[in-house]
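Student: Provide a 3D model corresponding to the input given below.
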Amino acid sequence: MTIRILPLLSKFSSVLALQSSGQIEEDSFTEKSGKKGFFREAGNNGNRLEMYVTILLIISTFIYYFFPLLYHGENAVVRVEDCLDGDFAYRIVLAKSHTIFAFNPMTPVNNIMNGLPRACLPSGLNIYQWIVFLFPNFYAFLINYIIVHLLGFFGMFFFLRNHVLKENAQKSLALLVALAFAILPVYTTMGMAVIGMPFLLNILLLIQQGKGKAKHYLAIIFFAFYCYHNMFPLIVGGVFIFFIWDLLRNHKFNLTLFLAIGLLVTCLAISEYQMVYTFVFHKIVPHRLVVHYKTSLNYKGIFVQSLITLFNGEGSSSNYPVYIVGLSLLLIIVSYFLFKPSISFSIKFFLLAFIVSLGFAVWDWYGIQFLYDKYRFFNVFSFKRIYCFLPFLVYALLGSAMGLADQKLKWLKFILVPVILVSTLKINYDFDHSENTELGNLTYRQFFSERMFNEIDAYIGKPKQSYRICDIGLIPAISQYNGFYTLDGYQYLYPMPYRGQFIKIIQGELDKSPRLVTFFTSQRGGANVCYTFSSELYDANEAGGKIAGINNMALNYDALKSMNCQYIFSLYNIKSFTSDKIVFDKKFSNQEALFDIYLYKVL
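Tutor: Down below sits the predicted model:
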């Protein structure tokens, strides 16, 4: 894999070097200087040395960034939360169960939650799903990881070159800012949903300006089929606002822009046709309808939370160095007083970023509690996902601010950008390592522990589809990845009736812990976690402690048997159950796994 990627990076560096020396023309994506734009012409053509330094920094950073996965392979540490513990494993299940292209939205995927409807899982038309289908498991993860980050780089580069840093002398700056954006710690399982925002906006702006070409419309189709399904409503809302803004600004109906947006929405709907169908025709009653979300922030809390989000980012989309926004504002202020450039474009990016941060905080304001109480839709869909626009806006702000300073202080970027890159790489390390599992930092191979689960399968000696299992302390995605059929799962969407069935199994544990009840019924994330909870384990984790074993599990034996649960996989030794018909069978250990599995049999 390394051998294949290095020639591509080398070819890319050669092309950029030739462009910088004037031997070939600027790519047609890029607007020539001298045309009307937000920035006046500044500086001369970038010199060859500056471009070579920039290219060297880009290549070395990407090699360093991808090296752990390329070199260590399955022995590399990979983020678990919202990555390996859910979406990725489900795509593997769809590929192995031959339900990728099950076009009936209600087709049961029996491996997950005793037959989860197909519509609740990622679309078979999604590009990431095709990658998982075509390549071995880990390599599918790796290929998607690399593609997403590289698309983030090129998307931001062309956005900056076309609309912000348009002068020839600013090419190296655009490349460096795009690099800093591309290595942000994003959830690559979301495809283009977060890191692809500049990619999409660049295309829409070009079409709005009458510069749209066939390749831009093809790029819109590509984006739609490489986007995460949960972002569908926000992307549609975002492009609708963009169209209204254009209509009010120019006082005319832009037909080509309207058609481009129509193409995007249509392709998004086609890509996620199963989800659209089930919501339009109410085929699935979502479990989130029973969630009673509680707001908590007052006016001061909203302001504080919005500033925290603005300056630090939001972990579910991406964190970035805490000084990025402050540095951008400082550069804007200093540049304005020293050079008197136009700063209106930079201010627009800052205001948009602040509005998004404020919008994120407002959804926790106690003043809108009535919306959650009266309109259940607000409990079903999280409008707080607006934070996914924030990384793009903040780095567009950084690019525009550095563009102002670069007009006179061209050396500054080679001081600031390396500092930003090092800080971002540190955040990436923390993203993958500081929060991995309760057992410590596990590698991909250790997390899924295929050898040990093969041993468990051989010991049980039954076809996996003939029985169901539950997991205690163990993420169900691990069992699902290894081919077992689970009653539990971690799902953004699943039928509300199934939630009622599953609660019967764990009701005894819920009765032991009011905090667990609150988590399971009052928080969106908790409602999605349909796990075989242990109250002892949950309370210990909330208190910041650990337990060596579980004293008692109050599971409903009749409910387990009614759902054909014959085995329980536990990460902990369980001393007793409320039913004497759940008995210990065997302990499994494996050097690869670094954890043990206690197998219990439901008689």
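
Student: How is the chain divided into domains?
Tutor: 1-76+122-284+412-448, 299-360+379-408, 449-602 (automatic domain parsing).

Student: Among those domains, show me which one is buried the most.
Tutor: Here the criterion is mean neighbour count by mean count of other C-beta atoms under 10 Å, and of those the winner is domain 299-360+379-408, at a mean of 20. For the C-beta atoms, the positions are set from N, CA and C on the backbone; glycine is no exception.

Student: and the lengthiest helix in the chain, how far from the chain's centre?
Tutor: Longest helix in the chain, counting residues (DSSP state H): helix 137-163. The chain centroid and the centroid of helix 137-163 are separated by 13 Å under C-alpha atoms, centre = their mean, to the nearest Å.

Student: start at 39 instead
Tutor: Sounds good: first residue 39 from here, last item helix 175-201.

Student: Low-confidence stretches in this protein?
Tutor: 39-84, 354-355, 470-478, 560-563 (pLDDT under 70).

Student: which residues of it fall in strands?
Tutor: Taking DSSP state E, the strands of the chain run over residues 146-147, 154-155, 351-352, 356-357, 506-510, 527-528, 567-568, 587-591, 603-608, 611-615, 620-626, 635-640.

Student: who wins for proximity to Ala133 among those?
Tutor: Closest to Ala133 of the strands of the chain is strand 146-147 (C-beta to C-beta; 11.3 Å).

Student: And the closest one, what does it pack against?
Tutor: When contacts are defined as 3 or more C-beta pairs under 8 Å, 6 or more residues apart in numbering; DSSP states H and E, strand 146-147 packs onto strand 154-155.

Student: in its sheet, what does the strand it packs on sit against?
Tutor: strand 146-147 (antiparallel) (DSSP bridges).

Student: any idea how far the partner strand is from the chain center?
Tutor: The answer for strand 146-147 is 24 Å, by C-alpha atoms, centre = their mean.

Student: next one: stretch 271-281
Tutor: 19 Å.

Student: cool, stretch 521-531 as well?
Tutor: Computed by C-alpha atoms, centre = their mean, the chain-centroid distance of stretch 521-531 equals 20 Å.

Student: What of stretch 538-558?
Tutor: 29 Å.

Student: Restrict it to CA atoms and write it as PDB.
Tutor: Written as PDB, here are the backbone C-alpha positions of stretch 538-558 (Å, rounded to 0.1, in the frame of the first residue of the first chain):
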ATOM      1  CA  GLY A 538     -40.000  -2.500  24.700                       C
ATOM      2  CA  GLN A 539     -39.100  -6.100  24.100                       C
ATOM      3  CA  PHE A 540     -35.500  -5.600  25.000                       C
ATOM      4  CA  ILE A 541     -36.200  -3.600  28.200                       C
ATOM      5  CA  LYS A 542     -38.000  -6.700  29.600                       C
ATOM      6  CA  ILE A 543     -34.600  -8.400  29.600                       C
ATOM      7  CA  ILE A 544     -32.700  -5.700  31.600                       C
ATOM      8  CA  GLN A 545     -35.600  -4.200  33.600                       C
ATOM      9  CA  GLY A 546     -34.100  -5.700  36.800                       C
ATOM     10  CA  GLU A 547     -30.900  -3.900  36.200                       C
ATOM     11  CA  LEU A 548     -32.600  -0.600  35.400                       C
ATOM     12  CA  ASP A 549     -34.500  -0.900  38.700                       C
ATOM     13  CA  LYS A 550     -31.200  -1.000  40.600                       C
ATOM     14  CA  SER A 551     -29.800   2.300  39.200                       C
ATOM     15  CA  PRO A 552     -31.700   5.500  38.700                       C
ATOM     16  CA  ARG A 553     -28.700   7.000  36.900                       C
ATOM     17  CA  LEU A 554     -28.800   4.100  34.400                       C
ATOM     18  CA  VAL A 555     -32.500   4.800  33.800                       C
ATOM     19  CA  THR A 556     -31.800   8.500  33.200                       C
ATOM     20  CA  PHE A 557     -29.100   7.600  30.700                       C
ATOM     21  CA  PHE A 558     -31.300   5.100  28.900                       C
END
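
Student: Helices along the stretch 189-338 of the chain, start to end?
Tutor: Here the stretch 189-338 of the chain has its helices, by DSSP state H, counting those that start in this stretch, at 209-220, 235-246, 252-262, 270-288, 293-309, 311-318, 337-350.

Student: Need the residues that contact the last one.
Tutor: Counting contacts by C-beta atoms under 8 Å, 6 or more residues apart in numbering, the residues outside helix 337-350 that touch it are 335, 357-358, 360, 362-364, 391-392, 395-396, 398-400, 402-403, 425, 428, 432.

Student: quick one on the thing from earlier: turn the helices of the stretch 189-338 of the chain into TSV, columns for distance to Asn175.
Tutor: Below are these laid out as TSV (distance: least, C-beta to C-beta, whole Å):
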stretch	distance to Asn175
helix 209-220	25
helix 235-246	27
helix 252-262	24
helix 270-288	26
helix 293-309	23
helix 311-318	23
helix 337-350	33
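
Student: Spatially nearest residue to Asn466, not counting backbone neighbours?
Tutor: Pro223 (4.6 Å; C-beta to C-beta, 6 or more residues apart in numbering).

Student: Contact partners for the residue nearest to Asn292 when sequence neighbours are not counted?
Tutor: Of all residues not flanking Asn292 in the chain, Asp284 sits nearest, at 5.7 Å (C-beta to C-beta, 6+ apart). Contacts were defined as C-beta under 8 Å, 6+ apart; by that measure Asp284 touches Gln246, Asn292, Leu295.

Student: Could you check how far Asp284 is from Leu295?
Tutor: Asp284 sits 6 Å away from Leu295, going by C-beta to C-beta, to the nearest Å.

Student: joint contacts of these two?
Tutor: Contacts common to Asp284 and Leu295, judged by C-beta under 8 Å, 6+ apart, are Gln246.

Student: what residue lies at the spatial centre of this structure?
Tutor: The centroid of the chain falls nearest to Tyr225 when counting by C-alpha atoms, centre = their mean (3.2 Å).

Student: could the strands of the chain go into a markdown table alongside distance to Leu213?
Tutor: Shown next, in a markdown table, are the strands of the chain (distance: least, C-beta to C-beta, whole Å):
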| stretch | distance to Leu213 |
| --- | --- |
| strand 146-147 | 43 |
| strand 154-155 | 44 |
| strand 351-352 | 22 |
| strand 356-357 | 20 |
| strand 506-510 | 46 |
| strand 527-528 | 39 |
| strand 567-568 | 41 |
| strand 587-591 | 54 |
| strand 603-608 | 49 |
| strand 611-615 | 55 |
| strand 620-626 | 51 |
| strand 635-640 | 49 |
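
Student: among those, which is nearest Ala439?
Tutor: Across these, closest to Ala439 is strand 351-352 (C-beta to C-beta), at 17.0 Å.

Student: Partner strands of that closest one and their direction?
Tutor: strand 356-357 (antiparallel).

Student: Can you give the contact residues for the partner strand?
Tutor: Contacts of strand 356-357 (C-beta under 8 Å, 6+ apart): Leu222, Pro223, Val224, Val232, Ile233, Asn350, Gly351, Leu428, Pro429, Ile465, Phe469.

Student: Repeat that for stretch 445-458.
Tutor: 80-81, 88, 91, 95, 207, 210-211, 214-215, 217-218, 359, 362, 365, 373, 376-377, 379, 436, 440, 443-444.

Student: That one: end-to-end distance?
Tutor: 20 Å (C-alpha to C-alpha, to the nearest Å).

Student: before we move on, the earlier item: closest one to Tyr264 among the strands of the chain?
Tutor: Using C-beta to C-beta, those put strand 356-357 closest to Tyr264, at 17.5 Å.
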